[in-house]
Structures are given as C-alpha cells and as structure tokens.
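[1] Predicted model follows, preceded by the sequence.
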Amino acid sequence: MNDFKLEPEDFYLDDDGNMVFTAIYLKKRKFCCKSGCRHCPYDFGEKIDPELPTELMQKSFSEDKYDADTLLKEYADFHNEDESN
C-alpha cells in the first residue's frame, strides 16, 4: 500500500481550479512523466509543443499511423452503415 501523502508545498490550485504540482513535488517524485508539467524540474516543458495533445507526444510514428488507419476505417464503416439505412 502506498502511504505517500501530499504536503502543502507539493501543489497549489490555479485560477481555473486545476491542481498544479510544484517543482518541489516533482523533484520528490524523482522522474519525469513527460506530460509537460508547468513546473517541470527536468526541463521537459521546454521541449514540447504546447498545442500537441499529451497522448500523441509519447507515441511512435508507427503507433500514430496505426491509430489513424484504425480510426479512418471505423469512420468509413460507420458512415457506410449510415448510408445503407
């Protein structure tokens, strides 16, 4: 069981009510999650395009191509079913 507890210096709530981890907490965690955290002590945030969804940042090209092909096929199947009804 994980007995880890967040301390007050580990996070704050921003103006939109989002929980934001501080660099203190992120250093305690001892690894970069590669999510582009606002206070990343590992400088990952400087290496990403903020417009790119996090889900796409950690995928290889082949995974993206597979996902795109799968989604296109599902859309085509759905669209074809719609036309036949």
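    Here it is on my side, so go on. Numbers count the residues shown, from 1 in each chain.

[2] Hmm, residue 20 and residue 39 touching each other?
    Yes - taking contacts as C-beta atoms under 8 Å, residue 39 lies within contact range of residue 20: 7.1 Å. Where C-beta positions appear, they are placed from N, C-alpha and C, glycine not excepted.

[3] Residue 21: neighbour count?
    19 (other C-beta atoms under 10 Å).

[4] sorry, that was for residue 25
    Per other C-beta under 10 Å, the neighbour tally for residue 25 reads 17.

[5] Dump the C-alpha coordinates for the host helix or strand of it into CSV.
    Using DSSP states H and E, residue 25 sits within helix 23-29. Extracted in CSV, the C-alpha atoms of helix 23-29 (Å, rounded to 0.1, in the frame of the first residue of the first chain):
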residue,chain,number,x,y,z
ALA,A,23,8.9,21.7,-8.7
ILE,A,24,9.4,20.5,-5.0
TYR,A,25,6.9,17.7,-5.5
LEU,A,26,8.2,16.8,-9.0
LYS,A,27,11.7,16.5,-7.6
LYS,A,28,10.5,14.3,-4.8
ARG,A,29,8.9,12.0,-7.4
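
[6] Show residues contacting that helix.
    Contacts to helix 23-29, defined as C-beta atoms under 8 Å, 6 or more residues apart in numbering, come from residues 6, 7, 9, 10, 11, 32, 37, 39, 40, 41, 42.

[7] same question, stretch 6-17
    19, 20, 21, 22, 24, 25, 28.

[8] between these, which is closest to residue 74?
    Of all the contacts of stretch 6-17, residue 19 has the smallest distance to residue 74: 34.1 Å, by C-beta to C-beta.

[9] could you pull out the strands for this protein?
    Under the criterion DSSP state E, strands of the chain are mapped to 11-13, 19-21.

[10] Just say which of the ones you listed is most tucked in.
    For these, the largest average neighbour count (mean count of other C-beta atoms under 10 Å) is found in strand 19-21, namely a mean of 14.

[11] So what are the sheet partners of that strand and their directions?
    Pairing partners of strand 19-21, with direction, according to DSSP bridges: strand 11-13 (antiparallel).
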